[in-house]
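Engineer: Return atomic coordinates for the entry below.
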Amino acid sequence: MDDARLIFANRLRAARLAAGLTQEALGVATGIVADVARTRINRYERGVNECDLRTAKKLAEVLGMPLAALYADTDEIAEVIVTFAKLPRAEQRTVVSELKARAKKR
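Structural biologist: Predicted coordinates:
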């Protein structure tokens, strides 16, 4: 799954299912016209159509996650991004400092 479109497709589907949304509900909440919402989300999730960044950002917002999580190379990185975003800014700074220190030791 090296292709960015497929990474996005799989992450989008997993996030939508975790949020308990149908394809149509996600599309409509993102601002896609109801008549085509299910089809558009389905095509994004199958990697048939590439999602533009503006729409991807709206999808991420509706799903309550940072845009970067939808494009993360691994499940672990995606999980870190989502979890990190939930921390207050001060704690984020602390975590970044700790990670930098750990990375320097390697």
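
Engineer: and stretch 65-79, how far from the chain's centre?
Structural biologist: For stretch 65-79, the separation from the chain centroid amounts to 6 Å (computed by CA atoms, centre = their mean, to the nearest Å).

Engineer: now do stretch 18-27
Structural biologist: That offset, for stretch 18-27, works out to 13 Å (CA atoms, centre = their mean).

Engineer: Likewise for stretch 65-82?
Structural biologist: For stretch 65-82, the distance to the chain centre is 6 Å (CA atoms, centre = their mean).

Engineer: Excluding its own residues, what touches that stretch? List them.
Structural biologist: Identification of contacts with stretch 65-82 by CB atoms under 8 Å, 6 or more residues apart in numbering yields Ala4, Ile7, Phe8, Arg11, Leu12, Ala15, Leu53, Ala56, Lys57, Leu59, Ala60, Ala85. C-beta: built from backbone N, CA, C; applies to glycine.

Engineer: ok, so what distance separates the fifth one from Ala90?
Structural biologist: It stands for Leu12. Applying CB to CB, to the nearest Å, the value for Leu12 to Ala90 is 31 Å.

Engineer: Looking at those two, which is more packed in?
Structural biologist: Leu12 (22 against 8; other CB atoms under 10 Å).

Engineer: Surely that one and Asn42 touch.
Structural biologist: No: with contact defined as CB atoms under 8 Å, Leu12 does not reach Asn42; the gap is 10.5 Å.

Engineer: Which residue, neighbours along the chain excluded, lies closest to Ala37?
Structural biologist: Gly27 (2.7 Å; CB to CB, 6 or more residues apart in numbering).

Engineer: list the contacts for the one you found?
Structural biologist: Contacts of Gly27 by CB under 8 Å, 6+ apart are Ala34, Val36, Ala37, Arg38, Arg40, Ile41.

Engineer: The fifth one touches Glu50, doesn't it?
Structural biologist: Pointing back at Arg40 there. No: applying CB under 8 Å as the test, Arg40 and Glu50 come out as separate, 11.6 Å apart.

Engineer: Next, format the contacts of stretch 65-82 as CSV and append distance to Arg46.
Structural biologist: Putting these into CSV (distance: CB to CB, whole Å) gives the following:
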residue, distance to Arg46
Ala4, 15
Ile7, 13
Phe8, 11
Arg11, 13
Leu12, 10
Ala15, 15
Leu53, 19
Ala56, 15
Lys57, 21
Leu59, 15
Ala60, 19
Ala85, 27
